[in-house]
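> The following block contains a protein sequence and its predicted model.
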Amino acid sequence: MATNLDFDTVDLQHKDRRILHPWEGLEEIGREQRTVIVKGEGVYVYDTEGNRYIDAPGGMWCVNIGHGRREIVEAMSQQAMDLSFYGIWNLANAPSAMLAAKLAELSPGDLNHVFFTTGGSTANESALRFVMFYNNLRGRPEKKHIIALENAYHGSTHLTSSCSGKDVATSPFDLETRFIHFLSSPNPSKRPSGMSVEAFCDARVEEFEQKILEIGPERVAAFIAEPVMGAGGVIVPPEGFQRRTHALCRKYDVLYIADEVVTAFGRLGHFFATEGEFGIVPDIISVAKGITSAYVPLGAMLVSDRLLEGFVGEDAKATGFYHGFTYSGHPVACAAALKNIELMEQEGILEHVREVGPYFQERLRELKDLPIISDVRGTGLMACIECSIGTGDEDTLETDAMIGKRVDRHCQDLGLIVRPLFNLCVMSPPLVITKSQIDDLVGMLRQGVERTIEELRQEGLFEG
């Protein structure tokens, strides 16, 4: 389906080359001819030529309520007319106060204090800085070491990048290495041949405990983890991993930071997946993306009341949490979040995800019969297909690294956008997607992979 949109594609592509795009390869700068998206509606987006696509990445794990929701736009517009901006440093604004109360209502356990940020990176940065602040106030300046996971992604600030295990080995940036440590990825599909999933989980949990003991519990400040690892390839840890690592944090007085930037606000069918899906109550939760369904940037760190006991009010020391952003608690962003949450509650979006999520996963698993698909994994409305053509030699590894882009190119010709990450294609469609739209998505993805296979055969790169 196409719709008439009055844009000059070539001119926009030329202007787009002035942008240094996130995660852009240096060889691509000034050469890429990107599809230019100009309109969105529901689960669909449209380009400058009027072509319609299913938005399988959901923007970037974030357009949860769907594109083009007039209710959110009107709430933002009204708030901008009433008060476009006033910061929450010395005064307050109404939308941020109302949103903080709503988040405290929805959050698990006693995570009743909210620190507003500008997005996921700054939410995780704030969480990590709060951990340092917390231990300094407790008179434990040596308790600063952070444990994270290989294949994790926590953001693009210096500290969050340093905790992102998917980048640390290859990053051309200078990252912090003195007090950040990594555990092996809890990806069950990569377990040794013959090892059960249960034994694999035991090994990963044992590795975590041994790492704490190796560093010294008196020096380990926090464990930061995504309930399901998004940008690392939709890695769903084995059952019990989250609960058992959380128990070890309690045992050794290590704070548990749950990075729910992707998984919160419905992606797994709950406002917060840590408790709703995995049965744990972290010490700190970071959120962003789905909190506003990406209609405007906003992030937040939720902190347990327990962590503030003895430090506030009459017990306060002569210091403060000297950290913040100009746009913390931006009233227009908070108004968007409030309307987004209201719509999710009114329309039963969480219940819908719990209904269609298993269908989404079931349909995607049907693609395992395609010869270059080595794994299909996911949960809720987040999923990944992993592709491989070779046996690990240098030539096939290079080809594997480009398969995701090939699949995405063919899928776009068919009316589907996926997010290519080397040999992975990750998907996190808007939460309003229907079963029939899932059927369309999987059908186009199958054709895109089949066309990729044929292309590889014609180039003599694949014989399977």
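Okay, I see it. Numbering: from 1, shown residues only.
> C-alpha only now, for contacts and for neighbours.
Will do.
> Quickly note the distance from the residue nearest to Asn340 when sequence neighbours are not counted to Leu350.
In this structure, Asn340 finds its nearest non-sequential neighbour in Thr292, 5.8 Å apart by CA to CA, 6 or more residues apart in numbering. Between Thr292 and Leu350 the distance is 15 Å, computed by CA to CA, to the nearest Å.
> neighbours of Val114, just the number please.
22 (other CA atoms under 10 Å).
> Tell me the buried residues in the helix or strand harbouring it?
Assigned by DSSP states H and E, Val114 falls within strand 113-117. By 16 or more other CA atoms under 10 Å, the buried positions in strand 113-117 come out as His113, Val114, Phe115, Phe116, Thr117.
> Any chance you could list what contacts that strand?
Residues outside strand 113-117 that contact it (CA atoms under 8 Å, 6 or more residues apart in numbering) are 100, 103-104, 123, 126, 298-305, 324-325, 327-329.
> out of these, which are inside strands?
Within the contacts of strand 113-117, residues falling in strands by DSSP state E are Gly299, Ala300, Met301, Leu302, Val303.
> Quick check: of those residues, which lies closest to Lys251?
The shortest approach to Lys251 among the ones in strands among the contacts of strand 113-117 belongs to Val303, at 19.5 Å (CA to CA).
> how much space between that closest one and Arg17?
According to CA to CA, Val303 and Arg17 sit 41 Å apart.
> now Phe208
44 Å.
> Just to check, Tyr256 is in contact with Ile280?
No - using CA atoms under 8 Å as the test, Tyr256 is too far from Ile280 to be in contact (10.0 Å).
> rewinding a little: mark which of the contacts of strand 113-117 are buried, thanks.
Using 16+ other CA under 10 Å, the buried ones in the contacts of strand 113-117 are 100, 103-104, 123, 126, 298-304, 327-329.
> Kindly reformat the ones in strands among the contacts of strand 113-117 as TSV containing distance to Arg363 and pLDDT.
Supplementary listing: the ones in strands among the contacts of strand 113-117 in TSV, determined by distance: CA to CA, whole Å; pLDDT from 0 to 100:
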residue	distance to Arg363	pLDDT
Gly299	33	98
Ala300	34	98
Met301	35	98
Leu302	35	98
Val303	38	98
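> how about the nearest residue to Ala383, chain neighbours excluded?
Met427 (5.2 Å).
> Does the one you found touch Glu386 like I think?
No - counting by CA under 8 Å, no contact exists between Met427 and Glu386, whose distance comes to 11.7 Å.
> quick one: stretch 221-231 to chain centroid distance?
Counting by CA atoms, centre = their mean, to the nearest Å, stretch 221-231 is centred 10 Å from the centre of its parent chain.
> Contacts for it, please.
131-132, 135, 143-149, 151-153, 234-237, 242, 249, 253-260, 262-263, 273-274, 278.
> can we see that at 6 Å?
Contacts to stretch 221-231, defined as CA atoms under 6 Å, 6 or more residues apart in numbering, come from residues 143-148, 235-236, 254-259.
> contacting residues around Gly443?
By CA under 6 Å, 6+ apart, Gly443 has no neighbours at all.
> in which helix or strand would I find it?
Residue-wise, Gly443 maps onto helix 435-458 under DSSP H and E.
> Now do the end-to-end distance for stretch 135-150.
Note: stretch 135-150 ends 25 Å apart using CA to CA.
> what's in contact with it?
Contacts of stretch 135-150 (CA under 6 Å, 6+ apart): 165-166, 179-185, 218-224.
> Distance check, the most centrally placed residue in the chain against Ser293.
Centroid check for the chain by CA atoms, centre = their mean gives Val262 as the closest residue, at 3.2 Å. In this structure, Val262 and Ser293 are 11 Å apart, going by CA to CA.
> next one: Phe325
Distance from Phe325 to Ser293, counting by CA to CA: 21 Å.
> now do Arg267
11 Å.
> same check, this time on Gln447
29 Å.
> Check Arg354 too.
In terms of CA to CA, Arg354 sits 18 Å off from Ser293.
> In terms of packing, which of these two has more residues around it?
Neighbour totals were compared for Arg354 and Ser293, and Ser293 leads with 28 against 17 (other CA under 10 Å).
> three-state assignment of the closest residue to the more buried one other than its chain neighbours?
Using CA to CA, 6+ apart and skipping the chain neighbours, the partner closest in space to Ser293 is Val63 (4.4 Å). Classification of Val63 by DSSP: H, G, I helix; E, B strand; the rest coil places it in coil.
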